[in-house]
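Trainee: Sequence plus predicted model, see below.
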Amino acid sequence: MSEAHIGLQSGENNPMYGRTHTPESKASEGRSSVSISGANNPMYGRTHTPPTLVKISEAMSGKVAANAMTIYIYSLNGTLINSFSSQVAAANWLGVSNVTVHNYIKSGNVWNKLYTFRNSSS
């Protein structure tokens, strides 16, 4: 959601303001996830075999999420310090939460009087 839209649907502007969900709609919420949980899940009570786990591991190794973006970390004088394939990788290098990296990218503020963050789309 863009910053221009924040708050446009809060309080009295929200279409559900002053309304409640019917008992029928409450009963149907989450039904799809409940229908395949527990004993209804095809993998319930089963485990992957070691060869299958190896195949899964090999297939996933080195993959980066499709929505991951390159994160660039710059010094205050504009020198590129490091780049990372995701916010999580940058956060691990800095020893902070990926939410912290996200918030500093979004705000453009200086982190710890040391670095600025930019992503591949800025």
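Mentor: Right, received. Where do you want to start?

Trainee: tell me which helix or strand of this structure sits lowest on mean pLDDT?
Mentor: helix 31-35 (a mean of 64; mean pLDDT, DSSP states H and E).

Trainee: what about the strands in this structure?
Mentor: Assigned by DSSP state E, the chain shows strands spanning 71-75, 80-84, 115-119.

Trainee: Which of the ones you listed sits closest to Ile56?
Mentor: Closest approach to Ile56 among these (Cβ to Cβ): strand 80-84, 24.6 Å. C-betas here are computed from N, CA, C, even on glycine.

Trainee: Could you list every helix and strand in contact with the closest one?
Mentor: On a contact count with 3 or more Cβ pairs under 8 Å, 6 or more residues apart in numbering; DSSP states H and E, strand 80-84 meets strand 71-75, helix 87-94.

Trainee: Check which residues of that strand are buried.
Mentor: For strand 80-84, burial by neighbour count (16 or more other Cβ atoms under 10 Å) applies to Phe84.

Trainee: Out of the strands of the chain, the one nearest Thr22 is which?
Mentor: With Cβ to Cβ as the measure, strand 115-119 is the member of these nearest Thr22 (42.2 Å).

Trainee: Read off the pLDDT value for Gly78.
Mentor: If you check Gly78, the pLDDT there is 90.
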